[in-house]
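**Student:** quick one: sequence plus predicted model below, questions after.
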Amino acid sequence: MTTVLRGALLSYKALFTWLNPLGYLSSRIVRPVGMAIAFISLSSYYGAAIGRMLIGSSLLAGAGAVIYGMALSVGNERSYGTLGTWLAAPQNKLAAACQRALPHIADGVFGGLWTYLACGLLYGEMPLGVLPFTGLLTLAVLTTAGFGLALSALALVVEDLFIGPNAAELVLMMLTGTLVPYDRLPGFLQPVSDVLPLTHIMAAVTDRLAGSGWNTRQLLTEAAVGAGWFVVSSCFLFWTVKRASHRTELA
Amino acid sequence: MNATFLRSAADQLRMHAKSPMSTFMAVAFPCAFAFVIRSNAAEGHRSAELTADLSVGTAGIGMLDAIIVMVVFSLLGEKQWKTLYAALGSPGGLVPVVLGRLGGIVVQSLIALPGTFVVLALFWGIDSGFAWGRWLVGGVLLALATASVVGLLAVAVLRFPYSAGMTNGLTGLLMALSALIVPQSALPGPVRAAAFVLPQSHVMAWVRDGALGDIAAAVLLTVCYAVLVVLLVHRLEAAVRRKSVPLEV
Amino acid sequence: MSTQRGLHVTNLCREFTARDGKVRRAVDDVSLTVGAGELVSVLGPNGAGKTTTVRMLTGLLMPTSGTVLVDGHDVVRDRRRAALACGFSLGGDTGLYPRLTAQQNLTFFGMMYGLRGKALRNRAGELLAAVDLQHRADDVVGSFSRGMKQRLHLARSLLHDPAVLILDEPSAGLDPQSAAAMRALVARLSGEGRSILLTTHDMREAEELSDRIVLMKDGRIQTESTASELRLAAAERHGHTVNVVFAGGTVPDEMAACPGMLSEQRDGGSVTLRAIDGAGTVQWVLTNFPGRTVSVSVTPPTLEEVFLEMVSAT
């Protein structure tokens, strides 16, 4: 266990480019709050309740930390010219990618919680208690990690490091019910939304904010979506590792 | 000075104009935001046709992202190739090169204005009262205002190692402070006060049927930020020469 | 698994398909062997296929055809074992994590090779000392000079104590002192019984360290031999260089009649000539100019000349 954590922390220090005071402050503290302010203001300007948007923005903050972190944790191997060494090493790449995800999962929980608290104070409203929100957030970052694994794999074959996570963040923003209510999505996009992380958590949140209890079925579905993404992403990772060996430019 | 500035701007366009990341940030990213805006507007039962302010605000998000991304790409590239020392050793120093890059980036970011307009107009149609003049003038001013503010980031990227991560924070922060999505009045108190010092918020106020005073404030603030950027680049030059601050990654 | 120790490459080929569908063969039917305790250098101009070959030997690139056995393990079919038997250093300014210290770099890379805990700590410390970086163990690698990075690359490649070592231009970009230290280090590793394949542009390095030299061009092996055999073979084709210094500061006119002379160049009392039969030329000079000859030396072509001859041959 110590070895796993030590490896995870070393990977975080080695490969997470934003691990410096300004970079961290900017990407993990300022950005999510800034984005959340923009969206919550949008919601309140158009006369809607801000609670759902506050929760959605905060969950997105956590998910964003995971998807960018997981993409960087593999993609930066290329930036530092170490990708070849990593690919040639006998280490199990799936296990390594999961190990490298750990600090970003923790980062996601921290970033999401910070966004929730900061915006809650700014707008004077906290639609869910801190504990239930933290529980939801933890589930959200874990299911997003399954999705993020696909981005780790994609970073092996796509040289532009930020295309994957940027596109993924857009998809999560638009299609998961965090910023755009599920029932406002065009019909053909709803099935896509169903298989994305965060969607079912937001469905449970919407029910809860409407006065119902916690919708356990939705939360379990969310966990299943995360597990599904993990399986699919693992297969994708195996394929991309194999494909990377067929190419010549690794550094 | 002028020749170097123009050359630098032209090179910026030559090297980065086709960057997929820049186009993605300038067009796809803001359109996604527009989708979020429109969906929420519809939920609040307000009009959500493509108006000039929605179009300029959406383009502004694209410009903001594209400018930030291009500043980082462009200047990190210079640091990696160690070309900044040659610029520093030239008679004009770093200023015309940095300003030239920013100038090229402004031109590049302008694609967001027609790019997002076409996409959004195709989806939603154009509002009959669309203010074309405010759309065009506001859009161009917004690009200049955004570049002058992001110029501060350029100095940070040049000055500090591993500073690329700062770009993220700027996007979130400036998006909130620029009143691109909603009017300044819809922002929470402390944020509203901070928005006042950004030229973008004044540009957007003018686009949203504001008075000439708004445009004057926007121009004045844009010039102030540009001057500040020049002063900071001069200061950086002095630091490099006196304290051997590295200009490379 | 084969019982063959060292590195065995048979009929290795690698093709790349360009966007227009054109197939380019970067490595063409390369076969070579590096036995246990042997050091073989691969020389070739840029684009000769050395790097592509190295990438295939290290498992970084799949061959189009052919086999590579690293200590008996096939790099394609038994990749994990082959990786454990093979250490490689691609050198250069990148390839290390600039934000980690030297010690942390070795720890992180060691974990990739299954090393853990105290054994890994000790191994990293041992290797840092071996490459003379123990005093910089806790400094971040981003602050290292090129020479220090090259040494750390070498330490990294040795973490799992591999039987086969592949070094891609280990002394490229180093100052003469650092390059000499690197050569000494490589010689020591070779003396420990490892099979080492070295690619280099430094002829002196190749000649000083190698048991055998492989010359590559256009993806193919042109020739393979010891350095001295290569030079002597070249001498048979292009002659030896004979330098004669005469007393009195002038070269006798009769020197022009030297049999078998291919070319001559005079400089005051010294003449440098190229002749097929080096020993015969020396004998002729001593016979014809007794008492007037101050010194005579004969040398076969240098390895650099052999290399340039191969490169310029169509």
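**Tutor:** Cool, the structure landed.
**Student:** ok, B:Ser55 - contacts?
**Tutor:** Going by Cβ atoms under 8 Å, 6 or more residues apart in numbering or on different chains, B:Ser55 touches B:Thr116, B:Phe117, B:Leu120, B:Phe130, B:Trp135, B:Gly139. Heads up, the C-betas are built off the backbone N, CA and C, glycines and all.
**Student:** in the helix or strand hosting it, what counts as buried?
**Tutor:** Element membership of B:Ser55, judged by DSSP states H and E, is helix B:52-81. By 16 or more other Cβ atoms under 10 Å in any protein chain shown, the buried positions in helix B:52-81 come out as B:52-75, B:78-79.
**Student:** in helices only, show me the contacts of B:Ser55.
**Tutor:** Mapping the contacts of B:Ser55 onto helices (DSSP state H) picks out B:Thr116, B:Phe117, B:Leu120, B:Trp135, B:Gly139.
**Student:** correct me, but the fourth one touches B:Val207?
**Tutor:** The one in question is B:Trp135. Yes: using Cβ atoms under 8 Å, B:Trp135 is in contact with B:Val207, at 7.5 Å.
**Student:** tell me which of the two has more neighbours.
**Tutor:** Using other Cβ atoms under 10 Å in any protein chain shown as the criterion, B:Trp135 and B:Val207 rank with B:Val207 on top: 30 against 21.
**Student:** now do the contacts for the closest residue to that one other than its chain neighbours.
**Tutor:** The shortest distance from B:Val207 to any non-neighbouring residue, by Cβ to Cβ, 6 or more residues apart in numbering or on different chains, is to B:Gly138 (3.9 Å). Counting by Cβ under 8 Å, 6+ apart, B:Gly138 makes contact with B:Ala52, B:Val56, B:Val203, B:Met204, B:Trp206, B:Val207.
**Student:** can you tell me the element the fourth one falls in?
**Tutor:** Take DSSP H and E as the rule and B:Met204 turns out to sit in helix B:199-207.
**Student:** now the angle between helix B:52-81 and that helix, please.
**Tutor:** If you take axes from the mean of the first three to the mean of the last three Cα atoms, to 10 degrees, helix B:199-207 sits at 160 degrees to helix B:52-81.
**Student:** which strands or helices does helix B:199-207 pack on?
**Tutor:** Helix B:199-207 sits against helix B:52-81, helix B:132-159, helix B:166-177, helix B:212-243, with contacts defined as 3 or more Cβ pairs under 8 Å, 6 or more residues apart in numbering or on different chains; DSSP states H and E.
**Student:** least reliable of those helices by average pLDDT, please.
**Tutor:** In terms of average pLDDT, helix B:166-177 trails the rest of those, at a mean of 78.
**Student:** which other helices and strands does that one contact?
**Tutor:** Counting by 3+ Cβ pairs under 8 Å, 6+ apart, helix B:166-177 packs on helix A:31-45, helix B:52-81, helix B:132-159, helix B:189-195, helix B:199-207.
**Student:** what lies in contact with that helix?
**Tutor:** Here helix B:166-177 makes contact (Cβ under 8 Å, 6+ apart) with A:18, A:22-23, A:25-27, A:29-35, A:37-38, A:41, B:61, B:64-65, B:68-69, B:71-72, B:146, B:149-150, B:153, B:156-157, B:181, B:187, B:191, B:194-195, B:198, B:200-201.
**Student:** distance between it and the chain's centre?
**Tutor:** With Cα atoms, centre = their mean, to the nearest Å as the basis, helix B:166-177 stands 11 Å off its chain's centre.
**Student:** next: stretch C:142-160.
**Tutor:** Relative to where its chain is centred, stretch C:142-160 has its mean C-alpha point 19 Å off (Cα atoms, centre = their mean).
**Student:** put the alpha carbons of that stretch into PDB.
**Tutor:** What follows is stretch C:142-160 as a C-alpha-only set of coordinates in PDB (Å, rounded to 0.1, in the frame of the first residue of the first chain):
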ATOM      1  CA  GLY C 142      15.600  20.200 -14.200                       C
ATOM      2  CA  SER C 143      18.700  21.900 -12.800                       C
ATOM      3  CA  PHE C 144      21.200  19.300 -14.100                       C
ATOM      4  CA  SER C 145      23.700  19.900 -16.900                       C
ATOM      5  CA  ARG C 146      23.700  17.700 -20.000                       C
ATOM      6  CA  GLY C 147      26.500  15.600 -18.700                       C
ATOM      7  CA  MET C 148      24.700  14.900 -15.400                       C
ATOM      8  CA  LYS C 149      21.600  14.000 -17.300                       C
ATOM      9  CA  GLN C 150      23.500  11.600 -19.500                       C
ATOM     10  CA  ARG C 151      24.900   9.900 -16.400                       C
ATOM     11  CA  LEU C 152      21.500   9.700 -14.800                       C
ATOM     12  CA  HIS C 153      20.100   8.200 -18.000                       C
ATOM     13  CA  LEU C 154      22.800   5.500 -17.700                       C
ATOM     14  CA  ALA C 155      22.000   4.900 -14.000                       C
ATOM     15  CA  ARG C 156      18.300   4.600 -14.900                       C
ATOM     16  CA  SER C 157      19.100   2.000 -17.500                       C
ATOM     17  CA  LEU C 158      20.900  -0.100 -14.900                       C
ATOM     18  CA  LEU C 159      18.200   0.000 -12.200                       C
ATOM     19  CA  HIS C 160      17.000  -3.600 -12.800                       C
END
